[in-house]
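Colleague: Okay, structure incoming, though there's no sequence with it:
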């Protein structure tokens, strides 16, 4: 197996990590809260695709469009009902609240998913594109392309729209943004909606090809080392962090059993957290995170 | 502010409506509310006053008794019913066992007793050892025996307590150790060939097609869960390969279950690096499907897969994109005939499933088969006039002539290990039109290697 093949697999995995990680970053930037509800939003969002694509037999892309709307709605409802009352409370308490939200939504999602593996009805299946010695799955290409499109759209939204500008202002300083007429409440709601939609896309690509089941949410946990490595408040950091973590994980999975067997089996599963640990030692705010300066 | 609250409440209501409308009926389990079988007239005789009993037996009828004059025998189940790796098969296993006893009760019960598995005596242990022990302790003072304890290490975890309490159980596992007294086997009434012999049969059955398609020196590899059936079936495959002079596996990968945070990458990497012609999978269905599909997508496209019985689940057919690959490569050993097999036992099973609106599933077949030894045991204990736990355990040690209504050959639990173990298996391939997703390609057979194999100790690779 070629190094190029390993890298391609790593980049495809990075695309999935990046989608989930961006959800963490957007919520953190606008609310200063770490959103631990991403795994549940991922499960629920992916289930909507399964449901509309395979139970209602809608065309796959229509199912995705409906899932986008429902996921965004879920994000808004979560923010409005569970997090809005927490405004002014310590950030730590709000973060704990997101763990509670994750639990509630996960139970709900698992009840919908059931115990079987569910097909996503995706058009890619196991089709591959052969380029010399490298074989790329169509679903991998779709994941990379989708992640790229989402990042471009997000950057354009933040840069060229009034609301995007309002979100950036709010992220910079909420009180100043309020005095400038920015609806911080709307910013919070939209950031949760975006996070839910991004998680949905992550879940979509976890489930395509091999099916969605109850364990899919576990992948969202890998987004935590990704955002810590990249920096909690940096979109570019989420992308770079995803690439570093995913490629390191994939390279370890392929080469460690051959060249460093003494490290034991399944060592690649430890690597994302090892990378996170190393980055934290050198740059505690992540590679692209904003360093906080506290005056004494 | 009021408008905002109204809006938020409205959004919640909309989501709740969508969610409730979206509840997939197909994914709901059928464990609840067994159908009420038309109660026959209570012509059965009241329990014989001479029958002694202690825990888990009452002279009073069961709740919602089918036969009012009968006493009641309570059985328990400890299984994986929600978020463990085998919930997809454990739920139909449990359904089948409840329906099995409904059928027995509808036929008049067992010589003056109805048998019941109540919802409160059905415990979800999430496929964990501590959960299994917890379930055991919860029920041990109110059930006579266990109709099911699922999982090898999970059952091993409660063996000491089963010995202390003189409790007998049917397993939902085919561990070869259950044949041995020093492993607690006296307390376990297993059915079908142990994993180890199932693997030997499977490797033997695959040998012809493999040499035909890949040559005499085809290579093989092992992807398995640690311990449990991974170690038992895996060792059987290694034993068979050695006897067939195939040599060691190219690699022996211990796969962590996805439910426990495992990922497919390492196994896929090993497969792509070594490119084995035959991959023996002893994992859950999800792990097998993802790793097989991942290896195929990444470029290794000429291989065959041999899987253990728990490695397959009909739910995989829901992934339409994966079915062509599975149909091309997947071979499964199974310990007994599948859903459509024509035996009196299978027919009774299908009738029960239909009456209870249960869809075809290999787990349901297994649950039905595993119930026969318990039925034979209870009949024998009642006939002896003693339903106390101590006597039920004593009777289990001398139980012979267990009738599976043709689903398996009649078997005995008496005698030396090699004289009583079942050695036959079947080989099946994936077929999307088959009700349980498998079509038998080699009917019940015992390979010469399995026939002559001396099971001197549990096949345990660890």
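Modeller: Thanks, I have it. Remember, predicted model here, so these are calculated numbers, not experimental data.

Colleague: ok, residue 154 - contacts?
Modeller: Assuming you mean chain A. Counting by CB atoms under 8 Å, 6 or more residues apart in numbering or on different chains, residue A:154 makes contact with A:22, A:26, A:194, A:235. Placement of C-beta: from N, CA and C, glycine included.

Colleague: You answered for a different chain; I wanted chain B.
Modeller: So residue B:154 contacts B:78, B:125, B:127-129, B:131-132 (CB under 8 Å, 6+ apart).

Colleague: Now the two most distant members of the contacts of residue A:154.
Modeller: A:194 and A:235 (11.1 Å; CB to CB).

Colleague: got any residues that touch both of these two?
Modeller: What both residue A:194 and residue A:235 touch, as defined by CB under 8 Å, 6+ apart, is the set A:26, A:154.

Colleague: re the thing from before, now tabulate the contacts of residue B:154 in JSON lines and tack on secondary structure.
Modeller: Compiled in JSON lines, these are given as follows (DSSP: H, G, I helix; E, B strand; the rest coil):
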{"residue": "B:78", "secondary structure": "strand"}
{"residue": "B:125", "secondary structure": "coil"}
{"residue": "B:127", "secondary structure": "coil"}
{"residue": "B:128", "secondary structure": "coil"}
{"residue": "B:129", "secondary structure": "helix"}
{"residue": "B:131", "secondary structure": "helix"}
{"residue": "B:132", "secondary structure": "helix"}
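
Colleague: centroid residue for chain B?
Modeller: Geometric centre of chain B, nearest residue: residue B:172, 4.2 Å, by CA atoms, centre = their mean.

Colleague: Could you pull up the mean pLDDT of stretch A:63-78?
Modeller: Stretch A:63-78 comes out with an average pLDDT of 97.

Colleague: what comes up buried for it?
Modeller: The neighbour-count check on stretch A:63-78 (16 or more other CB atoms under 10 Å in any protein chain shown) flags A:63-64, A:66-68, A:70-78 as buried.

Colleague: Let me know whether stretch A:6-26 sits next to chain B.
Modeller: Yes. Contact of stretch A:6-26 with chain B (CB under 8 Å from any CB of the partner chain) involves A:6, A:9, A:13.

Colleague: In terms of helices and strands, where is the last one?
Modeller: According to DSSP states H and E, residue A:13 maps onto helix A:3-31.

Colleague: what's the answer for residue B:201, then?
Modeller: Going by DSSP H and E, residue B:201 is in helix B:195-214.

Colleague: on contacts alone, who are the packing partners of that helix?
Modeller: helix B:228-243, strand B:278-282, strand B:304-307, strand B:330-334, strand B:425-430, strand B:438-445, helix B:448-451 (3 or more CB pairs under 8 Å, 6 or more residues apart in numbering or on different chains; DSSP states H and E).

Colleague: and the angle for that helix with strand B:438-445?
Modeller: Put simply, helix B:195-214 runs at 110 degrees to strand B:438-445, going by axes from the mean of the first three to the mean of the last three CA atoms, to 10 degrees.

Colleague: what's the angle from helix B:195-214 to strand B:278-282?
Modeller: 160 degrees.

Colleague: Which stretches in the stretch 301-450 of chain B count as helices?
Modeller: Assigned helices in the stretch 301-450 of chain B, in chain order: B:323-329, B:344-355, B:362-383, B:389-396, B:417-420, B:448-451 (criterion: DSSP state H, counting those that start in this stretch).

Colleague: Residue A:194 and residue A:235: which has the busier surroundings?
Modeller: residue A:194 (23 against 20; other CB atoms under 10 Å in any protein chain shown).
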